[in-house]
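Novice: Here's a sequence, model it:
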Amino acid sequence: MTSTAPAGDVVGAPAKADDGLVRAYRDRTPGSAASFEAARRVLPGGETRAVTTYPPYPVVMAEGHGARLTDVDGHSYLDLVNNYTAMVHGSAFAPVTDAVAELLPRGFAFASPHPCQVALAELLVTRIPSVHRVRFTNSGTEAALLAARIASRATGRRRLLMFDGAYHGSAALFLPGSPDVVRAPWNDLDAVAAVLGQPDHGIAAVFAEPFLGAGGVRPAMAGFLAAVADLARDRDVLFVLDEVQGLRNGPGGEQGRLGLTPDLTLLGKIIGGGFPIGAVGGRTDLLELTVAALTPGYVAHAGTFNGHLAAAVAGVMTLRHLDAAAISRLNDAAAALAERILAGAVSAGCPAEVTRAGSIMNVHLDGPGQLADLHLALLLNGVYTTPRGMINLSTALGPADLDDVGAAYETAFTMVRHSPS
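Specialist: Purely as a prediction, here's the structure:
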C-alpha cells in the first residue's frame, strides 16, 4: 500500500500530543519521568540518540524478552520497534545470547582477523549474490561513509546523487545541505536522468534505498531502481543500494526480490544480531581498494571495533534463524497486520493509510498532532512503537500477540478520534 501523507523527519520536533493523553501517560510512568530527569543531568537532552526522545518524556525500558519489553514502572509492552528493525527475532533471542555467552570467556576483541568475522562474511556472500567481498564497520553510517570513499576512489569523482526523504546515516555528508550531494525526488526517473545526463555531473555514485525507511516506508515504483542502476552504469557511476533495513525482507535482501545487482551494498542492523555493526559488500575490485597491504593508493579504512566478535557471532546466529520460511511468515504477518490496522482506523472513524515493505510498515495520519496522540495512546494500551508511525515485526510475535496489537490500534484510533489535537 502507498500513502500520500507527508513522511516524518528522522530527527525533528514532534507535534504536541493531546493534554489528556499526556496526563494519563504521566500518571502511568512516574519511574520513566524520574529516570529521564536523571538522564538530563548528564546527557544533553536526556538522551544519546535523537529518535529515542518524544514529549513529554520517553518511556524508559528496563528489560526485554522476546516480543515483550518491561519499563522501569513494571509495565509490559509488545515491541513493534525492535530497535528500528535491528532485532528481527526480538529481545534476548536465545541462540544469540547463548552464542555470545560462549564467546565472551575466550575474548571478544583482538587486533587480528578472527574466524567469527570470516563466518559472518561467508554467510553474507552466500546469501547476497552481488556481494563478493565484505568490509565491516561499526554502524550503517560508517558503512555509507566507506562506500562513498570507495566510489570516489574508483571514479575520481566525489559527488553523490541521493533521493529526497532518504536516510543513509547521521554523518554530515548525507544530511540536507551537504555540498557534495545532489538530490532528486523519489521515484522520479526523469530527474535522475537530468542529473546524470550533464557532461560534468561529477557524480561518483547513486545512493538508494529499496524503500524510503525513515522517510515513511515508501517503496520504489516497479522498475524504478533497475532503471536508475542502468542510467548510473551507462555513465560510469556506481549504484549503491542501502539494505541496512531491507535485508530482513528477503533471503537476499530487497535486491533479490527486485532483481538488482548493485555495485556496493550497505548492510547493518540485523547482521549484528543486536550488537553494533555495519558493512559494505560488493564487487571484488571495489572492495579490494580498502586493502592497505595489497592495493597501491588504497582507501585507508580502520576501526578499533570493526567486525567486533560479539556482533559477528550474534549476526551469524540471527541470519541462520532468518531463513526463507521465517521471512515469508514475517512478511505475511505484516501484510495481515497492515489490513487489521486500516480496518481499526475505519472502525474508529480515524482516516489512516499504511505503507509497507516486507515486514516493515508505516502508519500515516493527516491531522496535526495525530501521530503524537496515536503514539501515546498505543503506549497506554501496551504497544511500543515509534513516534513517526513506523512498525517492524519480529519472529517473536505470535498470532495472539498480533491480535492484541490489532485491538490496541483500534482502541488507540478511537482515542485519537476523540482527542482535541
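Novice: From here on, just use CA atoms for contacts and neighbour counts.
Specialist: Noted.
Novice: so Arg133 makes contact with Asp285?
Specialist: No: counting by C-alpha atoms under 8 Å, no contact exists between Arg133 and Asp285, whose distance comes to 9.0 Å.
Novice: More neighbours: which of these two?
Specialist: Arg133 (19 against 12; other C-alpha atoms under 10 Å).
Novice: Below-threshold pLDDT in this structure: ranges please.
Specialist: Along the chain, the model assigns pLDDT under 70 to residues 1-15, 292, 421.
Novice: Show me what the helix or strand hosting Leu78 is packed against.
Specialist: In the assignment (DSSP states H and E), Leu78 maps to strand 76-79. Secondary-structure packing of strand 76-79 (3 or more C-alpha pairs under 8 Å, 6 or more residues apart in numbering; DSSP states H and E): strand 68-71, strand 383-384.
Novice: Could I get the ones you listed in a markdown table, plus columns for mean neighbour count and distance to Ala154?
Specialist: Below are the helices and strands packed on strand 76-79 laid out as a markdown table (neighbours: other C-alpha atoms under 10 Å; distance: least, C-alpha to C-alpha, whole Å):
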| stretch | mean neighbour count | distance to Ala154 |
| --- | --- | --- |
| strand 68-71 | 20 | 45 |
| strand 383-384 | 24 | 44 |
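Novice: Make TSV from the ones you listed and add distance to Ala229 to it.
Specialist: Formatted as TSV, the helices and strands packed on strand 76-79 follow (distance: least, C-alpha to C-alpha, whole Å):
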stretch	distance to Ala229
strand 68-71	41
strand 383-384	37
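Novice: looking at those, which is closest to Tyr167?
Specialist: Nearest to Tyr167, of all those, is strand 383-384, at 22.7 Å by C-alpha to C-alpha.
Novice: partners of the helix or strand following that closest one in the sheet?
Specialist: Counting by DSSP H and E, the next helix or strand C-terminal to strand 383-384 is strand 390-392. Neighbouring strands of strand 390-392 in its sheet, by DSSP bridges, are strand 360-364 (antiparallel).
Novice: I'd like to know which elements the next helix or strand after the partner strand is packed against.
Specialist: Using DSSP H and E, the helix or strand that follows strand 360-364 towards the C-terminus is helix 370-380. Counting by 3+ C-alpha pairs under 8 Å, 6+ apart, the packing neighbours recorded for helix 370-380 are helix 19-28, helix 399-417.
Novice: now helix 370-380: how far from the chain's centre is it?
Specialist: Chain-centre distance of helix 370-380: 21 Å, with C-alpha atoms, centre = their mean, to the nearest Å.
Novice: cool, and stretch 112-131?
Specialist: The answer for stretch 112-131 is 21 Å, by C-alpha atoms, centre = their mean.
Novice: Not counting its own residues, what contacts that stretch?
Specialist: Applying C-alpha atoms under 8 Å, 6 or more residues apart in numbering, the contact partners of stretch 112-131 are 132-134, 251-253, 256, 261-265, 281-283, 307-309, 312-313, 315-316.
Novice: Just the ones of those residues in helices?
Specialist: Mapping those onto helices (DSSP state H) picks out 253, 256, 309, 312-313, 315-316.
Novice: Just flag the most distant two among those.
Specialist: Using C-alpha to C-alpha, the two most remote members of the ones in helices among the contacts of stretch 112-131 are Gly256 and Leu309, lying 27.6 Å apart.
Novice: So for the two, which residue has more residues nearby?
Specialist: More neighbours surround Leu309 than the other of Gly256 and Leu309, with 25 against 17 (other C-alpha under 10 Å).
Novice: Next, the contact list for Leu287, please.
Specialist: Per C-alpha under 8 Å, 6+ apart, neighbours of Leu287: 133-135, 150, 281.
Novice: would you say it is within a helix?
Specialist: Yes: checked against DSSP: H, G, I helix; E, B strand; the rest coil, Leu287 lies within a helix.
Novice: Next, work out how far apart it and Arg153 are.
Specialist: From Leu287 over to Arg153 the distance is 11 Å, taken as C-alpha to C-alpha, to the nearest Å.
Novice: Could you name every residue contacting both of these two?
Specialist: Counting by C-alpha under 8 Å, 6+ apart, no residue touches both Leu287 and Arg153.
Novice: thinking again about what came up before, tell me which of the helices and strands packed on helix 370-380 sits most buried.
Specialist: Using mean count of other C-alpha atoms under 10 Å, the stretch among the helices and strands packed on helix 370-380 with the largest mean neighbour count is helix 399-417, at a mean of 20.
Novice: what angle do it and helix 19-28 make?
Specialist: Put simply, helix 399-417 runs at 130 degrees to helix 19-28, going by axes from the mean of the first three to the mean of the last three C-alpha atoms, to 10 degrees.
Novice: name the helices or strands packed onto helix 399-417?
Specialist: Packed against helix 399-417 by the contact rule (3+ C-alpha pairs under 8 Å, 6+ apart) you find helix 324-348, helix 370-380.
Novice: neighbouring contacts of the longest one?
Specialist: In other words, helix 324-348. By C-alpha under 8 Å, 6+ apart, helix 324-348 touches 248-251, 351-354, 356, 358-361, 392-395, 402, 406-407, 409-411, 413-414, 417.
Novice: what angle separates that helix from strand 360-364?
Specialist: Angle of helix 324-348 versus strand 360-364, following the same axes, to 10 degrees, is 10 degrees.
Novice: Using PDB, write down the CA coordinates of the helix or strand just after helix 324-348.
Specialist: Per DSSP H and E, helix 324-348 leads on to strand 353-357 as the next helix or strand towards the C-terminus. These are the backbone C-alpha positions of strand 353-357, laid out as PDB (Å, rounded to 0.1, in the frame of the first residue of the first chain):
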ATOM      1  CA  GLU A 353      -3.000   5.000   5.500                       C
ATOM      2  CA  VAL A 354      -0.300   2.300   5.700                       C
ATOM      3  CA  THR A 355       2.700   1.900   3.600                       C
ATOM      4  CA  ARG A 356       4.700  -1.400   3.700                       C
ATOM      5  CA  ALA A 357       7.800  -3.100   2.500                       C
END
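Novice: For strand 353-357, which strands pair with it and how are they oriented?
Specialist: Counting by DSSP bridges, strand 353-357 is paired with strand 360-364 (antiparallel).
Novice: what's the distance between the nearest residue to His301 once chain neighbours are set aside and Pro55?
Specialist: Excluding the flanking residues, the one nearest His301 by C-alpha to C-alpha, 6 or more residues apart in numbering is Thr290, at 6.2 Å. Distance, Thr290 to Pro55, by C-alpha to C-alpha: 43 Å.
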